[in-house]
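Student: need the 3D shape of this:
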Amino acid sequence: MNSSHSPALSDTEEADTQKPSPRRYVVLLAALLSVLAAAYYTFFVNPLASDEEMIAHFNAHRAEIEALVKSYREWEPTPGENVIWNHKPETKRLLERAGVWAVSDIAPIWFDDPYSIEGAARFDVLLRAGTPQGYFRKIGTIEVLLLGKEYARSSFFRYPKGAGLFKRFVYYPVRPRVENGLLLHPFHFGRQGEGDRVFDSLNAFPPDWKVGECVLRKLEPQWFIQMCRAT
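Tutor: Numbers count the residues shown, from 1 in each chain. Alright, predicted model coming up:
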């Protein structure tokens, strides 16, 4: 009785069967590139809206944004009125048309003659005497926060503790001085206040960005984009 036997593979044929196929190389390379791209995006790409997107929004809604800032700074509550500024019907309509989430006043405060010791001294006397209601709305820096998650994100890998990152517009009631890449703050307790770093672009992360630091890009003498790394 004849028995059939499979022919033995030659050494060359056996080696060929053990080689990964070209398709497998392509799949592995694609997976590696995907991992590298994800790592690059996570650590080096700013997830916030670009300056160009924000500038386009500002230009498209400038009239509404400036009207909101003017209204906020000039608003005086009516005695006995329980409705605050941002809950007024006309304010809500303007916020919606402008694509703005909120407007509020923040530091620094721009009193008269803010870059002099004398101006700071007069402001200190005013503070000690008690300031009228709404005073800081008139002379404070005004922040304008836009609607949309692209203006506020968390960074869990680039910065520790999942730092919050956000971009917004800021309006200064005076023309602040920008010298040597710094927007100078008003005098405080008899000396020049600290300044904020100013860059030509905020599309990338600034070097040596500290926790709690806000950096700026100038749009106009009194309008800036501000990007902050929250605590």
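Student: now the helices for this protein?
Tutor: In the chain, the segments counted as helices under DSSP state H are 11-18, 22-44, 51-60, 62-74, 89-98, 117-129, 135-139.
Student: pull the last one out as PDB, backbone CA atoms only.
Tutor: Extracted as PDB, the C-alpha positions of helix 135-139 are listed here (Å, rounded to 0.1, in the frame of the first residue of the first chain):
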ATOM      1  CA  TYR A 135     -16.900 101.800  41.300                       C
ATOM      2  CA  PHE A 136     -14.700  98.800  40.200                       C
ATOM      3  CA  ARG A 137     -16.900  98.100  37.200                       C
ATOM      4  CA  LYS A 138     -16.000 101.500  35.900                       C
ATOM      5  CA  ILE A 139     -12.200 101.400  36.400                       C
END
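Student: what are the buried residues along it?
Tutor: Applying a neighbour-count criterion of 16 or more other C-beta atoms under 10 Å, one finds 137-139 buried in helix 135-139. In short, each C-beta sits where N, CA and C put it, glycine included.
Student: rewinding a little: and the helices of the chain, which one averages the lowest pLDDT?
Tutor: Averaged per stretch, pLDDT over those is lowest on helix 11-18, reaching a mean of 52.
Student: what distance do you get for the residue positioned nearest the centre of the chain to residue 101?
Tutor: Residue closest to the average C-alpha location in the chain (C-alpha atoms, centre = their mean): residue 167, at 1.8 Å. For residue 167, the distance to residue 101 equals 12 Å [C-beta to C-beta, to the nearest Å].
Student: and if you look at residue 114?
Tutor: Residue 114 sits at a distance of 28 Å from residue 101 (criterion: C-beta to C-beta).
Student: kindly report the same for residue 193.
Tutor: Applying C-beta to C-beta, one obtains 28 Å for the distance of residue 193 from residue 101.
Student: grab the nearest non-local neighbour of residue 136.
Tutor: Once its chain neighbours are removed from consideration, residue 136 has its nearest residue in residue 105; the separation is 5.3 Å (C-beta to C-beta, 6 or more residues apart in numbering).
Student: surely that neighbour meets residue 137?
Tutor: Yes: under the contact definition of C-beta atoms under 8 Å, residue 105 touches residue 137, with a separation of 5.1 Å.
Student: now do the shared contacts for those two.
Tutor: In terms of C-beta atoms under 8 Å, 6 or more residues apart in numbering, residue 105 and residue 137 are both contacted by the residues residue 72.
Student: which residues sit in contact with residue 144?
Tutor: If a contact means C-beta under 8 Å, 6+ apart, then residue 144 has 65, 68-69, 100, 103, 168-171 as its contacts.
Student: so what sits opposite it in the bridge?
Tutor: The residues paired with residue 144 through beta bridges, assigned by DSSP bridges, are residue 103, residue 169.
Student: next one: residue 153
Tutor: In beta-bridge terms (that is, DSSP bridges), residue 153 pairs with residue 165.
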